[in-house]
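J.: Show me how the following folds:
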Amino acid sequence: MTTIKLSMWATLFATIIGTVMALFRNSRSLFRRMVGRTYVELVRNMPPLVLVFIVYYFISDQVIRAIGLEGLLRSLSPGVQGFLAHCCAPVPKLPVFAAAVVMLALYEGAYITEIVRAGIQSIERGQWEASSALGFTRFQQLRHVIFPQAVVRILPRLPVRSSPPSRTPPSSRSYPSRNSPSRAWRSCPRHTGPSRYGSP
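T.: Residues are numbered from 1 along each chain as shown. A predicted model of the protein is given here:
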């Protein structure tokens with residue numbers, strides 16, 4: 001059950017991070033584009049195990065203790081603690097749960113960023129020009145014209161990112177059989193006799 005909760009919260013925050021960073025990567029501001037590009041390249045080129053150690057030992061051990069979150073959680077009423085345990089994790093394990101959510105959200109958010117960015121950039125240039133001719137601002141263009149069309153192209157790609165890679169054993173892969181047409185064609189003897197139509 002904890003795994004399901006962890007997946008749900010991580011997917012939610014990864015979608016938010018990915019959408020914001022995709023908007024940064026499509027922004028007219030050079031600084032925002034550099035922020036989005038740096039985030040994607042840094043996370044995608046970092047081994048996941050390294051990211052686990054950084055987030056766990058930095059956020060769970062340093063940041064949470066520095067802000068006194070554990071004492072604040074223990075001082076909550078039993079009803080609030082029960083609600084947190086039902087939605088997330090028990091209060092003693094909540095810092096570790098939060099660190100895992102942050103790590104997964106950062107890692108998956110980098111891939112969702114590229115999916116959302118590609119979906120926005122796949123919209124035809126004429127849609128941008130037509131909405132600009134109607135007097136729409138950049139935000140109105142994205143909200144009313146571009147993003148509703150991009151969502152249709154983005155959603156089918158999201159499950160593909162989370163699907164496991166194919167692990168087909170070598171024995172079950174498709175190789176040319178002994179009776180396949182390609183082998184039969186290769187095994188045909190080359191005709192070396194005189195041509196039917198004679199020599200030129």
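J.: okay, CA-based contacts and neighbour counts for the rest of this
T.: OK.
J.: Which secondary structure state is assigned to residue 76?
T.: Assigned state for residue 76: coil (three-state reduction, DSSP: H, G, I helix; E, B strand; the rest coil).
J.: That one and residue 112, how far apart?
T.: Residue 76 sits 35 Å away from residue 112, taking Cα to Cα, to the nearest Å as the criterion.
J.: Please say which of the two ends up with more neighbours.
T.: Legend: neighbour count by other Cα atoms under 10 Å for residue 76 and residue 112, higher for residue 112 (27 against 12).
J.: residues in contact with the more buried one?
T.: The neighbours of residue 112, taking Cα atoms under 8 Å, 6 or more residues apart in numbering as the test, are 14, 15, 18, 19, 158.
J.: So which of those residues are in strands?
T.: Among the contacts of residue 112, the subset assigned to strands under DSSP state E is empty.
J.: export those to CSV and tack on distance to residue 95, neighbour count and pLDDT?
T.: Formatted as CSV, the contacts of residue 112 follow (distance: Cα to Cα, whole Å; neighbours: other Cα atoms under 10 Å; pLDDT from 0 to 100):
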residue, distance to residue 95, neighbour count, pLDDT
14, 18, 25, 93
15, 22, 22, 92
18, 23, 27, 93
19, 26, 20, 93
158, 28, 15, 78
